[in-house]
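In: Generate coordinates for the sequence data below:
(2 chains)
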Amino acid sequence: MRRIFPWISLFTLASVPLWLGDPYLLNAFVITGIFIVTAMSLNLLLGYTGQLSLGHVAFFGIGAYTSALVSLGFDVELVGGFRVIHEPWPVWLGFVMAILVSGLCGYIVGKLSFRVRGAYFVIVTISFAEVVRLVALNWVELTQGPLALTSIPPMAIGLPGLGNFDFYSKQSNFYLVLGVVAFCYVIIGRLVNSRIGRAMIALKENESLAVSVGIDVTRYLVLAAVVSAGIAGAAGSLYAHYLKIIDPDVFLFLYTVTMVIMVVTGGKGTLAGPIVGGLIFGFIPVIARSFAAPEIQWILYGLFMILIVCVLPRGIVPAIEKLFGEEPGVSGAADANTQDAQ
Amino acid sequence: MGARSTQVQPALSIEHIAVRFGGLVAISDMSFVVNEGEVVSLIGPNGAGKTTAFNVFTGFLRPSQGEVRYRGSSLNNLKPHEVASLGLARTFQRTSVFQSVSVFENVMIGLHCRGRSRLWDTLLALPRERESERELRARAADILALVGIERRSRELAGSLAYGDQRLLGVALALASDPSMLLLDEPVSGMNATETARFMRLLDGLRGLGVTILLVEHDMPMVMGVSDRIVVLNYGRIIAEGPPAAIQGNPEVIRAYLGQGARKRAGD
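Out: Okay, the predicted model is just below:
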């Protein structure tokens, strides 16, 4: 059950563009998918190391701007008349640069968390996001400020011998995003089910005990922050090349809140949690739109969230696992046994 | 006991340690030695500085002066996880297990330092990852069997009975394959049966050659398992010696054991 379920989900989702003709709904799938990637990255920090990053949207936005600027090119004059001119690069390089630059920012924020934990970490991350937003808003020469970066090229992959493939249509973007979600699912899954993941869980559960068994807490916090930021940066890049226009609103605090809602309702500290929570809260506005006025839509959104948190405080996925008799502690040992059998 | 043979090697040596929090002196000029393979107990009334001393020995707290050495190397500037990797493991008074993961996973976390897989092995799921995990799982099963809670391995640590949680705490410390264990009140809150079981475990560990430093209030147990006892009062060592000598020491009786102990010692 546990092993085939991800495959069933993957194939079900992969079939969606085949029977769903409505471009509006397909668009909702792509955007939701991108936010699911960010929620998965937030889950690595919040669900496994227990650190709440309320500035997570910063990594998303940095990824979006990096990817857009690398593929558009820029010409900026720095202090002292020093000019930096960047010729446009292929889009896939922008995607890679987005991951690297966001990962680097994750490293810096992670290093800061060496000294600060809990509430202070939350404040540091919020401040970081706000600073980055102000830079994007005011450094007009580089980012166009509120005028937005426009005409961003679609994602493209150069296949040797086959020429370039552009992800221009909604269908192709759907598969691109689905591929990234699946890739992140595998990578995060391997990470959290290893020695590294156990070190992160130990840090969340009881830091001084973790340290006493020889775990270098800072190292694993930084590692989680770098991987998490890198994945969020990849999501930002997908977002920029899908919408083809970005402005400083990509740093909206609302986006961070959306990610947190997706993670918490789906089940933090579970692999599938952000995906389940993401699908639900990505589609509530879409479904509510068909029968309710805009104000009512958001009230429904809020009511549904409160309902889930009250009824299933640990999230949807842990509740389902419990229903099937797979307690987290028990399943851990069961997993160990099945792996032994291989 | 008396004749110092050539085999007696100091494992942990505490040299003129002092800890001050502002004006408060928690420990003043503490010096003693724990030899390889010995079981030494640190006793004294509440607030005497026992747990503070433990925190200094394991790198959780920097001493204001003095030096802690383990097998010849100074621990003064090491972080707790570095002290642990030198083979010095500790347990805690209260929160001693990772509550919301299974007993087995707890020990797997404890085995952290023994894992050999690198980040790339994990991300690419290389054979070395699986091999390392298999070794760790086998080792975790061994440790749970040694401590005697192997039948609980699938349960959540937080749902264990209190005595079993304490045993799991020791299992966690043992997982890092320590040459020396520091146990902070391991049997507090245990009933007589659990304590007896714990004493058997300590005997077993001593048989494996693990050096043990114990902080404990349970006097029958302390007298039963210790080779030597160090008595602390107001941050100062007031007596040191084998259990029989400590039981009869008038200053220790006045500060800690109470008059009842003198009567018992006189019997």
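In: Output the below-cut-off pLDDT ranges for the stretch 51-200 of chain A.
Out: For the stretch 51-200 of chain A, the stretches flagged by pLDDT under 70 are A:114, A:159-163.
In: Now do the strands in the stretch 101-250 of chain A.
Out: If you assign secondary structure with DSSP state E, counting those that start in this stretch, the strands in the stretch 101-250 of chain A sit at A:156-159, A:163-166.
In: Columns distance to chain B and mean neighbour count on top of those strands, output as TSV?
Out: Glycine gets a C-beta too; all of them are placed from N, C-alpha and C. What follows is the strands of the stretch 101-250 of chain A, written out as TSV (distance: least, C-beta to the nearest C-beta, whole Å; neighbours: other C-beta atoms under 10 Å in any protein chain shown):
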stretch	distance to chain B	mean neighbour count
strand A:156-159	22	13
strand A:163-166	26	11
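In: so where is chain B shaky, pLDDT-wise?
Out: Scanning chain B residue by residue, the ranges that satisfy pLDDT under 70 are B:1-7, B:95, B:259-267.
In: what's residue A:135 in contact with, if anything?
Out: When contacts are counted by C-beta atoms under 8 Å, 6 or more residues apart in numbering or on different chains, residue A:135 is found next to residue A:143.
In: is the residue most central in space within chain B in a bridge, and if so with what?
Out: Residue closest to the mean C-alpha point of chain B, counted by C-alpha atoms, centre = their mean, is residue B:182 at 1.6 Å. Beta-bridge partners recorded for residue B:182 (DSSP bridges): residue B:90, residue B:213.
In: now for chain A, which residue lies nearest the mean position of the chain?
Out: Centroid-nearest residue in chain A, with C-alpha atoms, centre = their mean: residue A:38, separated by 1.1 Å.
In: thinking that one is in contact with residue A:259, fair?
Out: Yes. Using C-beta atoms under 8 Å as the test, residue A:38 is close enough to residue A:259 to be in contact (5.1 Å).
In: got any residues that touch both of those two?
Out: Listed contacts common to residue A:38 and residue A:259 are A:56-57; contacts here mean C-beta under 8 Å, 6+ apart.
In: tell me the SS of residue B:18?
Out: Local secondary structure at residue B:18 is given as strand here, using DSSP: H, G, I helix; E, B strand; the rest coil.
In: which residues does the spatially closest residue to residue B:91 that is not a sequence neighbour contact?
Out: Closest residue to residue B:91 in three dimensions, ignoring its sequence neighbours and counting by C-beta to C-beta, 6 or more residues apart in numbering or on different chains: residue B:169, at 4.6 Å. The contact partners of residue B:169, by C-beta under 8 Å, 6+ apart, come to B:91-92, B:96-97, B:186.
In: Of those, just say which sits nearest to residue A:20.
Out: Minimum distance to residue A:20 across these is 48.8 Å, recorded for residue B:97 (C-beta to C-beta).
In: So that closest one belongs to a helix, correct?
Out: No. When the secondary structure is assigned by three-state DSSP, residue B:97 falls in coil instead of a helix.
In: Against which helices or strands is the lengthiest helix in chain A packed?
Out: In chain A, with assignment by DSSP state H, the single longest helix is helix A:217-243. For helix A:217-243, the helices and strands in contact under the criterion 3 or more C-beta pairs under 8 Å, 6 or more residues apart in numbering or on different chains; DSSP states H and E are helix A:23-43, helix A:57-72, helix A:91-112, helix A:170-192, helix A:195-205, helix A:207-212.
In: what's in contact with whichever helix or strand comes after it?
Out: Helices and strands here follow DSSP states H and E; after helix A:217-243, the next one along the chain is helix A:253-266. Counting by C-beta under 8 Å, 6+ apart, helix A:253-266 makes contact with A:35-36, A:38-39, A:42-43, A:46-47, A:52, A:54-57, A:60, A:126, A:129, A:272-278, A:280-282, A:305, A:308-309, A:312, A:315-317, all of which sit outside it.
In: thinking the residue nearest to the centre of chain B is in contact with residue B:53, fair?
Out: No. With the criterion set as C-beta under 8 Å, residue B:182 and residue B:53 do not qualify as a contacting pair; they are 9.5 Å apart.
In: which residues in chain B form helices?
Out: Ranges of helices within chain B are B:50-57, B:80-85, B:103-110, B:119-123, B:127-147, B:162-175, B:192-207, B:219-225, B:243-248, B:250-252, B:259-266, based on DSSP H.
In: Burial-wise, tell me which of the ones you listed comes out on top.
Out: helix B:103-110 (a mean of 28; mean count of other C-beta atoms under 10 Å in any protein chain shown).
In: just to revisit the earlier point, which of the residues in the longest helix of chain A are buried?
Out: Across helix A:217-243, burial judged by 16 or more other C-beta atoms under 10 Å in any protein chain shown covers A:217-218, A:220-243.
In: what's the answer for stretch A:124-134, then?
Out: A:124-126, A:128-129, A:132-133.
In: residues from the stretch 101-250 of chain B in reach of chain A?
Out: Proximity of the stretch 101-250 of chain B to chain A (C-beta under 8 Å from any C-beta of the partner chain) is limited to residues B:101-105, B:108-110, B:112-113, B:115, B:117, B:119, B:122-123, B:125, B:129-130, B:132-134, B:136-137, B:153-157, B:172-173, B:175-176.
In: try 6 Å this time
Out: For the stretch 101-250 of chain B, the residues in contact with chain A under the definition C-beta under 6 Å from any C-beta of the partner chain are B:102, B:104-105, B:108-110, B:112-113, B:115, B:122-123, B:125, B:137, B:154, B:156, B:172, B:176.
In: neighbours around residue 68, how many?
Out: Since no chain was named, I'll use chain A. Residue neighbour count, defined by other C-beta atoms under 10 Å in any protein chain shown, stands at 30 for residue A:68.
In: hm, I was asking about chain B
Out: Neighbour count of residue B:68, defined by other C-beta under 10 Å: 23.
In: Can you give me the distance of the closest residue to it other than its chain neighbours to residue B:180?
Out: The shortest distance from residue B:68 to any residue other than its chain neighbours is 4.5 Å, reached at residue B:75 (C-beta to C-beta, 6+ apart). Residue B:75 sits at a distance of 11 Å from residue B:180 (criterion: C-beta to C-beta, to the nearest Å).
In: Leaving out the residues flanking it, which one is nearest to residue B:232?
Out: The shortest distance from residue B:232 to any residue that is not its chain neighbour, by C-beta to C-beta, 6+ apart, is 3.6 Å, and that residue is residue B:44.
In: Tell me how far that neighbour lies from chain A.
Out: Separation of residue B:44 from chain A (C-beta to the nearest C-beta, to the nearest Å) stands at 23 Å.
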